[in-house]
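Trainee: Got a sequence here, can you build the structure:
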Amino acid sequence: MPDISTPINEKSATDSERCKIQWCIGNTTVRSPYRLQEALQVLADSYLHGNLSSSENENAFARLLHEKGIVNVERLNRDDGNEEAGDLGRKWRSAMAQLGFVVRHNKSGQKFMPGMLDIDVPGFPMFKGNPYEITPNGHRLIRAQTVAGMQEAFLRALLAYRIPSLLEKNYDCRPFSPLRFVTELLLELENNGQEAVINGSEMALIVQQRSRDNGINALVSEIIRFREARDAAPRKKIFDRDALLEAAGDKTRAQTWKDYADTNFRYLKATGLFQNKSRGISLVPEKETLAHIITADGDGDYDDFTYIARLWKGAVLPTDDKVQTVSIVRDLYQRLTEQGEPPEPPEWNRLNLDELNQLRYLWEDRLMQLKEIQYARAQVGLRQDIAAIMKLLTGPRASGTVQLTGGDSFSIPSGEAPAYFEWVIWRAFLAMGGQNPPWKSRNFHIDQDFLPVSHAGSGKPDLKFDFDEYVLVVEVTLTLSSRQEAAEGEPVRRHVAQIAELYENSDKRVYCLFIAPRIDSNTAETFKNGNWYKSDDSRLPLHIVPVSLEDFIRLFEVGRDGPSHAELMKLLIICRSLCNSDAPQWKAQINQEISRTISRLKRQDISQNSEI
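Mentor: Alright, predicted model coming up:
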């Protein structure tokens, strides 16, 4: 394998002149940046806000994150209740402080920049000087109600963020913006006729080991050499593994580099500028104009005081400037026109900045919807992948890795199994041909790669599908044992009742499919009675059928297309007709009816194939 460790720098830099770093945005404990919004909300609502500097309070913060379901700390599930988790509290606090969402303090509890307490940001109270108060950009992230809103907060944070900075001194290079650095590399790769993608190996071996001091052109040359060597290798995965081991020196360090690369990808994607592609990241096409503007601005030089001010407030974006916003919105107009949906052309010169950004939000959302329609249609051909991901969730820890049909591997991120459970069941119904627009069938947010950024919001069903004959509500949970009934019994019934009341005077009946790895008999007992009383004490019948995930997977995998909507409704009607049995018996009867339906569908499939 050729030597890929030394770049061909424009300045002919020697090893001693190169930037000696291994940078990582955030930290590998907090790999899902979107969870920081939930953590900030927990902090804001607790007595720990502005009071997060002692070991005792770090431990208390970790316990709060655990209790609120933001992170599952297994050691805190033990019966003795004496386990400490302050290390985890510090990791979450560090991730929030690094990106400027809270005011960072030093070990003595003093703020880094005393003068910063005098900054008055409109719409926010002045800082009180307490340890780890939430900053203006932190409040912006908390207030965000959409993925686009969260991404704007992360974009402002990462545009301001520098390595090294006043807060981080352990890097041997001049300060640089990791966001601009990666964006410049992608644009320059494209200028060199290369695929504008940085994959996992390239991030781990090259990009996160370097800075702008090494020279963008030199680093592009280094990436091209790596790609040429990889293309010549007969077994690409072994090449990647050996290159990483050789550079890192041992397996532990190699895994750390891979973890850093994964974390860097996640935080960069949280800005909305990047998307998954070819086991790496590329620029989102409709954000390329924004990317060019960002890189044209350069990193800029400013002192510590200015840096902290920008980090805490959030950087100024090109969309804060009217001229630059016009160019971005014009690009969106052109992209919608190319999609066959040309908007009504506005009078550009008469629109103010706020009106332009409202158009930007509207058109970005519509482009995302058009992509989601294509994504939904593609699920029909991905049934094998969907089933494989669902099977990961049948185990007690929802862990493991599966190989997808395209050759990529897939694993559920640690701590995100509930969100991915809702997501994969949504994909299953898209594959079976859900009839309403895909974004109207889910009660959770997805990012630009159609991956979940959080679990479904409270107050509504996880999923809802409108069919010609009926309405199907789908609720899922990973909760097991008797806790399942306590956690799901009332909320599920209430959600189904809300939908059933909407259709009470229509010809459509509302059914609910409740899916869990295992159905507890107490849960089945609650659902089999199936009544809900409205505020006027009138009775509203509910038609809920609890099904184990294993049974749902068997049903999903039958034949080429799975059960039709009509066949699924027939199964639900039969299962509800058996609900007078005791709960354990009813569960067994549901299992038997699913088996009968599968057998019948298989016979039909064989018959249809023989006729062909």
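
Trainee: switch to C-alpha atoms for all contacts and neighbour counts from now on
Mentor: Will do.

Trainee: chain center to the strand or helix carrying residue 497: distance?
Mentor: Following DSSP states H and E, one finds residue 497 within helix 483-502. Distance, stretch centre to chain centre, for helix 483-502: 26 Å (C-alpha atoms, centre = their mean, to the nearest Å).

Trainee: And the pLDDT for residue 120?
Mentor: For residue 120, the model assigns a pLDDT of 46.

Trainee: ugh, wrong one, I meant residue 14
Mentor: Reported pLDDT at residue 14 in the predicted model: 38.

Trainee: same for the helix holding residue 497, what does it pack against?
Mentor: In terms of contacts (3 or more C-alpha pairs under 8 Å, 6 or more residues apart in numbering; DSSP states H and E), helix 483-502 is packed against strand 509-516, helix 521-529, strand 531-533, strand 539-541.

Trainee: Residue 51: neighbouring residues, count only.
Mentor: Residue 51 has 16 neighbouring residues, counting by other C-alpha atoms under 10 Å.

Trainee: could you say which helix or strand contains it?
Mentor: Per DSSP H and E, there is no helix or strand for residue 51.

Trainee: Surely it is in contact with residue 131?
Mentor: Yes - contact criterion C-alpha atoms under 8 Å: residue 51 and residue 131 qualify, at 5.5 Å.

Trainee: re earlier: turn the helices and strands packed on helix 483-502 into TSV, including distance to residue 479, mean pLDDT and mean neighbour count.
Mentor: TSV is the format used below for the helices and strands packed on helix 483-502 (distance: least, C-alpha to C-alpha, whole Å; pLDDT from 0 to 100; neighbours: other C-alpha atoms under 10 Å):
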stretch	distance to residue 479	mean pLDDT	mean neighbour count
strand 509-516	7	96	22
helix 521-529	11	94	21
strand 531-533	23	91	16
strand 539-541	25	93	14
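
Trainee: These into TSV, with extra columns for distance to residue 548?
Mentor: Rendered in TSV, the data for the helices and strands packed on helix 483-502 read as follows (distance: least, C-alpha to C-alpha, whole Å):
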stretch	distance to residue 548
strand 509-516	5
helix 521-529	11
strand 531-533	22
strand 539-541	23
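
Trainee: Check the gap between the nearest residue to residue 494 once chain neighbours are set aside and residue 448 for me.
Mentor: Distances taken as C-alpha to C-alpha, 6 or more residues apart in numbering put residue 532 closest to residue 494, at 7.5 Å, once the chain neighbours are dropped. Noted for residue 532: a distance of 38 Å to residue 448, by C-alpha to C-alpha, to the nearest Å.

Trainee: do the same with residue 23
Mentor: Counting by C-alpha to C-alpha, the gap from residue 23 to residue 448 is 25 Å.

Trainee: Residue 386: which element?
Mentor: Here residue 386 is covered by helix 383-392, with elements defined by DSSP H and E.

Trainee: what's the single longest helix in the protein?
Mentor: Determined from DSSP state H, the single longest helix within the chain is helix 583-611.

Trainee: Give me the buried positions along it.
Mentor: Taking 16 or more other C-alpha atoms under 10 Å as the basis for neighbour counts, the residues of helix 583-611 that come out buried are 583, 586-587, 589-591, 593-594, 597-598, 601-602, 605.

Trainee: ok, residue 398 - contacts?
Mentor: For residue 398, the contact set (C-alpha atoms under 8 Å, 6 or more residues apart in numbering) comprises 392, 412, 417.

Trainee: these two touch, right, the first one and residue 400?
Mentor: Spelled out, it's residue 392. Yes - under the criterion of C-alpha under 8 Å, residue 392 makes contact with residue 400 at 6.4 Å.

Trainee: which one of those two has more residues nearby?
Mentor: In terms of neighbours (other C-alpha under 10 Å), residue 392 is the more surrounded of residue 392 and residue 400; the figures are 20 against 14.

Trainee: mind checking how far the strand or helix carrying residue 63 is from the chain centre?
Mentor: Here residue 63 is covered by helix 55-67, with elements defined by DSSP H and E. Using C-alpha atoms, centre = their mean, we find the averaged C-alpha position of helix 55-67 to lie 24 Å away from the chain's own average C-alpha position.

Trainee: Send me it as PDB with only the CA atoms.
Mentor: Only the C-alpha atoms of helix 55-67 are listed here, as PDB (Å, rounded to 0.1, in the frame of the first residue of the first chain):
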ATOM      1  CA  SER A  55     -19.400  16.300  41.200                       C
ATOM      2  CA  GLU A  56     -22.700  15.900  43.100                       C
ATOM      3  CA  ASN A  57     -24.600  18.000  40.500                       C
ATOM      4  CA  GLU A  58     -22.800  16.300  37.600                       C
ATOM      5  CA  ASN A  59     -24.200  13.000  38.900                       C
ATOM      6  CA  ALA A  60     -27.600  14.500  39.400                       C
ATOM      7  CA  PHE A  61     -27.600  15.700  35.800                       C
ATOM      8  CA  ALA A  62     -26.800  12.200  34.600                       C
ATOM      9  CA  ARG A  63     -29.700  10.800  36.700                       C
ATOM     10  CA  LEU A  64     -32.100  13.400  35.200                       C
ATOM     11  CA  LEU A  65     -31.000  12.500  31.700                       C
ATOM     12  CA  HIS A  66     -31.600   8.800  32.500                       C
ATOM     13  CA  GLU A  67     -35.000   9.400  34.200                       C
END
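
Trainee: Only the buried residues of that helix, if you could.
Mentor: By neighbour count on 16+ other C-alpha under 10 Å, the buried set for helix 55-67 is 57-66.

Trainee: Run through the stretch 251-400 of the chain and note the low-pLDDT ranges.
Mentor: Applying pLDDT under 70 to the stretch 251-400 of the chain flags the ranges 301-302, 396-397.

Trainee: can you pull out the helices in it?
Mentor: Read by DSSP state H, counting those that start in this stretch, the stretch 251-400 of the chain holds these helices, from start to end of the chain: 251-269, 288-297, 304-313, 322-338, 353-378, 383-392.

Trainee: Who are the packing partners of the third one?
Mentor: Identification of packing neighbours for helix 304-313 by 3+ C-alpha pairs under 8 Å, 6+ apart yields helix 136-143, helix 147-160.

Trainee: out of the ones you listed, which comes closest to residue 545?
Mentor: Evaluated over the helices and strands packed on helix 304-313, closeness to residue 545 peaks at helix 147-160, with 32.5 Å, by C-alpha to C-alpha.

Trainee: List the neighbours of the closest one that are in contact with it.
Mentor: For helix 147-160, contacts defined as C-alpha under 8 Å, 6+ apart pick out 34, 37, 99-100, 137-138, 140-141, 144, 177-180, 270-272, 307, 310-312, 314-317, 445-447, 453.

Trainee: Show me what the following helix or strand past it is in contact with.
Mentor: Read in the C-terminal direction, the helix or strand following helix 147-160 is helix 178-191, with elements assigned using DSSP H and E. Residues from elsewhere that reach helix 178-191 (C-alpha under 8 Å, 6+ apart): 158-159, 161-163, 195-198, 207, 211-212, 216-217, 219-220, 268, 282-283, 291, 294-295, 298-299.
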